[in-house]
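Asker: Provided below for reference: sequence and predicted model.
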Amino acid sequence: MTKELKDQLKEIFKTYDDKGEGSLDLATAVKAIRSVGESLNSEELGEYLKDKGASTDKQGNPTLSLEHFNDLVCGSIYGDNSQKQQELQNAFQVFDMEKKGVIKASEMRYVMTNLGERFSIEEVEELINEAHVDSGGNINYNNFISMMTRK
């Protein structure tokens, strides 16, 4: 990891660590992780942190340290996203009957809230707002997948 990347990640982490405790609860940690393009939900993040032996809060829930944040983000940046991209592409292709590489925003909402890794409606709306929706209400899902996986 370059010093520049390490400094950037530290600043991002500090933005979410508003109390200066050096760790983030699961809900805040998910927001921090998603702010850098990773798509873990709280259950997956919790399992990851438990596997890594992370510290816990008073309720026994794992917390995200800067070290674990860096590990997750660097794994995402330097890791192989091809499997994740293929899974997303397969899910979206089911709704692309004309094989044009686009689906309706409403179908995107359905896929993302009901299939595979389920996102909340608020999370999906935020992601769709970041995607380019054409005048017909369609989203190019290949561009969307690239945005999601930051390839």
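Answerer: Happy to help now that I have it. Just so it is clear, the structure is predicted and the values come from calculations on it, not from any experiment.
Asker: the helices in this protein, which residues?
Answerer: Secondary structure of the chain by DSSP state H: the helices cover 3-16, 26-35, 42-51, 66-78, 82-93, 105-114, 121-130, 141-149.
Asker: tell me, how many residues neighbour Lys52?
Answerer: Lys52: 14 surrounding residues under other C-beta atoms under 10 Å. (C-beta placed from N, C-alpha, C; glycine too.)
Asker: for the closest residue to it other than its chain neighbours, list the residues it contacts.
Answerer: With sequence-adjacent residues excluded and distances taken as C-beta to C-beta, 6 or more residues apart in numbering, Lys52 is closest to His68, at 5.9 Å. Listed by C-beta atoms under 8 Å, 6 or more residues apart in numbering, the contact set of His68 reads 48-49, 52, 54.
Asker: state the distance from the nearest residue to Ile145 once chain neighbours are set aside to Leu5.
Answerer: The shortest distance from Ile145 to any non-neighbouring residue, by C-beta to C-beta, 6+ apart, is to Leu88 (4.7 Å). Per C-beta to C-beta, to the nearest Å, Leu88 is found 25 Å from Leu5.
Asker: which one's more surrounded, those two?
Answerer: Per other C-beta under 10 Å, whichever of Leu88 and Leu5 has more neighbours is Leu88, with 24 against 13.
Asker: identify the residues contacting stretch 110-126?
Answerer: 34, 39, 41, 44, 87-88, 91-92, 94-95, 103, 108-109, 127.
Asker: what stretches of the protein score poorly on pLDDT?
Answerer: Low-confidence segments of the chain, defined by pLDDT under 70, are located at 1, 75-84, 116-117, 148-151.
Asker: nearest to Asp134, of the contacts of His68?
Answerer: Of all those, the one with the least separation from Asp134 (C-beta to C-beta) is Tyr48, at 36.1 Å.
Asker: for the closest one, list the residues it contacts.
Answerer: 40, 68, 72.
Asker: ok, Met103 touching Val94?
Answerer: Quick fix: residue 103 is Ile, not Met. No. Assessed by C-beta atoms under 8 Å, Ile103 is found out of contact with Val94, at 9.1 Å.
Asker: of the two, which one has the most company?
Answerer: The residue with more neighbours, out of Ile103 and Val94, is Ile103; 24 against 11, by other C-beta under 10 Å.
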